[in-house]
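Q: Sequence and predicted model, in that order:
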Amino acid sequence: MTAVQPKSMDEIMSLCKRRGFVYPASEIYGGINGFWDYGPLGAQLKKNLRDAWWQDVVMNPCWGRSGPDGNPVEIVPVDTCIIQNPRVWEASGHLAGFNDPRVDCRETKNRYRADHLLVLVHPQDLAAPCVAFLEGNEDAARVRLEKLLRPGRGSISAGGSISAGQNVSAAGDVIAGDTISAGLNITAGRDVSAGKRLESADYIVVSMMDFPEERIGQVFGPDAKTMGTLTEPRPFNLMFPTVIGATGDPEADKAYLRPETAQGIFVQFKNVVDTTRVGVPFGIAQTGKAFRNEVTPRNFTFRSREFEQMEIEFFCHPDTAKEWYAFWRDWRMEWWKSLGLAGDNLILREHDRDELAHYAKEGAGTSDVEYRFPFTAPGFGELEGIAHRTDFDLRRHAEHSGLGDKLKYFDPTRGEPAPNGQPKGERYFPHVIEPSAGLDRGVLAALCEAYTPDPERPSGVFMKFHPRLSPIKAGVFPLVKKDGMPEKAHALATTLRKKFGHLGTIEMDEKQSIGKRYARMDEAGCPFCFTIDSDTLADDTVTVRHRDTLAQERIAMDAVPAFLGEKLGI
RNA sequence: GCGGGUGUAGCUCAAUGGUAGAGCGUCAGCCUUCCAAGCUGAAUGUUGACGGUUCGAGUCCGUUCACCCGCUCCA
């Protein structure tokens, strides 16, 4: 199943453009980094994947199978706004987490707020190593810098490489590298003159915010063993800011495009509980666009700045979270498999503990459904994450909104029995299992999986979409454009459109040779073609042409709707 | 963010500093009884953008944008 030779991403992208699956966004203006548009076939492909999710998650949850409690799984949908009250993002942690410049350490993978990070620098030598430290650790940093700067203490150290143009004074008690260079910034009040022996107290403390970028390579990170592992301070503006209102005060009226659809669900949790007949355990589902100002958009549509999510927030009692987590993890994997992403290219990967997001640290775990894209091979890229988010989000919103315990769920099925024999009920913050899938990534995986080079056939390649995902469900062709065949074909196409038109296109084409029309359908990924020929006129049978095998069979024309319906899983 | 590469028709690619082309696809007509068949014809480009050098730039130089690859990043 797995292609030994990885498929060429260039060729897949070329086909996507050629056949109208994906175009560069605003291409006639030179495009825009990190944004892609779907063409006619791509838009339908994406809708089919979203519809499949909606059907299997919302309308018929988990294909009708029971949850770990033995009852049918209950899911209701919502559709919440892309723009929310900015305090939503304050509560969720997205605002605080990404509004300040960050410094990353390549060695330790630690991330620091740049305004909390201080740097101990030599007052004179611009080339000397520096030591970064967190507030409160200044003494240790001084000791460390001391060791670095004068291992031989007092004498000119062996490693004191003096670079060209460096001005070392004659005074013997100046260590190598102690230069008074022009343009040096010495803080006010410091009396550091040539020849003076440096004491630890003379080192200067500079905020990382003010530290010159070009010298970042000389800095030892707070926990790093080697020099130069810190990145420059970078603002992590994950969220796209926007402005609300006609006056448009950029600060007072500031709002954000949502970075995830999940928070809209948490914010409406109480309304859903109060106004519908759902009871824990149940889930709320939503699809919609989300926006992230990615540092590096890359790899076609895989990491784009505007993308669509398909998210479930499944609420359950804390005691049952573990079983529900395992249930969703396993079923979500099955679901992707059912759409043709099978074989070695799809894996379920449980996260290591230290990989977990802040909200999931205490939970039962996090897993990814991952696909081996041509550009990640032999590695994998995430399609969907299934996380036990605990009650983190509901608690945060309870605090920030001031609702407090009112946001707790009252569960009438739990608690001690009252004198009348009924449970007294229990008030709690439900735990949340979040299967969160990337729709655009799913589409990309479907495109990559479907792409099948085949030198034997005229098109040289065909798109082996699962029939459920195919943007074109069927082609209907008269073998030749005469003898009443076009009329018969039109009639069949009309019948099929009435029955299957909501699922995808029924393509009717009477132009050019039959081989050319089949080839076109191969590249578009149409699974079945029905061809009307002279025999049809005599006995009302048609040829079915199978995309994947090139096989042909004859069936009665009035059996075509049932045939197609069965193939499409209806 | 850093380094490397690429950018010419819808796609794949040509074009010594000297008139921008081919194949395929697309479209029209004829023909055609099952896999891009055949014949005839048609449309399609500010050579990614801007600037410079030059009598003259697709070609040389600079800037910029986009994409690809490798690092980096991805609560």
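A: Thanks, I have the structure now.
Q: Which helix or strand lies directly C-terminal to the longest helix along chain A?
A: In chain A, ranked by residue count with DSSP state H as the criterion, the top helix is helix A:321-338. Moving toward the C-terminus from helix A:321-338, the first helix or strand encountered (DSSP states H and E) is strand A:346-350.
Q: and that following strand, what does it pack onto?
A: helix A:321-338, strand A:366-371 (3 or more C-beta pairs under 8 Å, 6 or more residues apart in numbering; DSSP states H and E). Every C-beta, even on glycine, is put in place using the N, C-alpha and C of the backbone.
Q: could I get the ones you listed as a markdown table with mean pLDDT?
A: Listed next are the helices and strands packed on strand A:346-350 as a markdown table, based on pLDDT from 0 to 100:
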| stretch | mean pLDDT |
| --- | --- |
| helix A:321-338 | 96 |
| strand A:366-371 | 93 |
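Q: from what I can see A:Pro259 touches A:His94, true?
A: Yes: here A:Pro259 reaches A:His94: they are 5.6 Å apart, a contact under C-beta atoms under 8 Å.
Q: list the residues that contact both of those two?
A: Overlap between the neighbourhoods of A:Pro259 and A:His94 consists of A:238-239, taking contacts as C-beta atoms under 8 Å, 6 or more residues apart in numbering.
Q: Just say helix, strand or coil for the residue lying closest to A:Ser8 once chain neighbours are set aside.
A: Spatially, and ignoring its direct neighbours in sequence, A:Ser8 is nearest to A:Pro374 (6.8 Å; C-beta to C-beta, 6 or more residues apart in numbering). Using DSSP: H, G, I helix; E, B strand; the rest coil, the structure places A:Pro374 in coil.
Q: residues in contact with A:Pro374?
A: A:6-9, A:12, A:448.
Q: do that again at 10 Å, thanks
A: A:3, A:6-12, A:299-300, A:448, A:451 (C-beta atoms under 10 Å, 6 or more residues apart in numbering).
Q: Can you tell me which of the residues you listed end up in strands?
A: A:Tyr451 (DSSP state E).
Q: list the buried ones in the longest helix of chain A?
A: Across helix A:321-338, burial judged by 16 or more other C-beta atoms under 10 Å covers A:321-329, A:331-333, A:335-336.
Q: same thing with stretch A:76-90?
A: Neighbour counts over stretch A:76-90 (16+ other C-beta under 10 Å) mark A:77-78, A:80, A:82, A:84, A:86, A:88-89 as buried.
Q: Name the nearest of the residues you listed relative to RNA strand B.
A: The shortest approach to RNA strand B among these belongs to A:Trp89, at 9.7 Å (C-beta to the nearest atom of the strand).
Q: all helices for the stretch 351-500 of chain A, in order.
A: For the stretch 351-500 of chain A, the helices defined by DSSP state H, counting those that start in this stretch occupy A:392-401, A:439-450, A:485-500.
Q: picking that back up, check which helices and strands the longest helix of chain A sits against.
A: Secondary-structure packing of helix A:321-338 (3 or more C-beta pairs under 10 Å, 6 or more residues apart in numbering; DSSP states H and E): helix A:40-54, strand A:306-316, strand A:346-350, strand A:366-371, strand A:381-390, strand A:431-438, helix A:439-450.
Q: For the stretch 201-350 of chain A, what lies in contact range of RNA strand B?
A: Proximity of the stretch 201-350 of chain A to RNA strand B is confined to A:231, A:238, A:259-260, A:294-300, A:303 under the rule C-beta under 7 Å from any atom of the strand.
Q: Report the two members of those separated by the largest distance.
A: Spanning the widest gap among those are A:Thr231 and A:Phe300, at 26.1 Å by C-beta to C-beta.
Q: More neighbours: these two, which one.
A: Remark: of A:Thr231 and A:Phe300, A:Phe300 carries more neighbours, 20 against 15, as counted by other C-beta atoms under 10 Å.
Q: Quick check, pLDDT for the closest residue to the more buried one other than its chain neighbours.
A: Spatial nearest neighbour of A:Phe300, chain neighbours left out: A:Met13 (6.1 Å); criterion: C-beta to C-beta, 6+ apart. The model reports A:Met13 with a pLDDT of 90.
Q: A:Met13 and A:Leu469: what is the separation?
A: With distances taken as C-beta to C-beta, to the nearest Å, A:Met13 is found 19 Å from A:Leu469.
Q: Using PDB, write out every CA atom in the longest helix of chain A.
A: Output of helix A:321-338 as PDB, limited to C-alpha atoms (Å, rounded to 0.1, in the frame of the first residue of the first chain):
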ATOM      1  CA  ALA A 321     -12.600  10.900  31.500                       C
ATOM      2  CA  LYS A 322     -10.100   8.200  31.000                       C
ATOM      3  CA  GLU A 323     -12.500   5.800  29.300                       C
ATOM      4  CA  TRP A 324     -13.900   8.600  27.100                       C
ATOM      5  CA  TYR A 325     -10.500   9.700  26.100                       C
ATOM      6  CA  ALA A 326      -9.600   6.200  24.900                       C
ATOM      7  CA  PHE A 327     -12.900   5.800  23.200                       C
ATOM      8  CA  TRP A 328     -12.600   9.000  21.100                       C
ATOM      9  CA  ARG A 329      -8.900   8.400  20.300                       C
ATOM     10  CA  ASP A 330      -9.700   5.000  18.900                       C
ATOM     11  CA  TRP A 331     -12.800   6.000  17.000                       C
ATOM     12  CA  ARG A 332     -11.300   9.100  15.500                       C
ATOM     13  CA  MET A 333      -8.500   6.900  14.100                       C
ATOM     14  CA  GLU A 334     -11.000   4.500  12.700                       C
ATOM     15  CA  TRP A 335     -12.900   7.400  11.100                       C
ATOM     16  CA  TRP A 336      -9.900   8.600   9.100                       C
ATOM     17  CA  LYS A 337      -9.200   5.100   8.000                       C
ATOM     18  CA  SER A 338     -12.700   4.700   6.800                       C
END
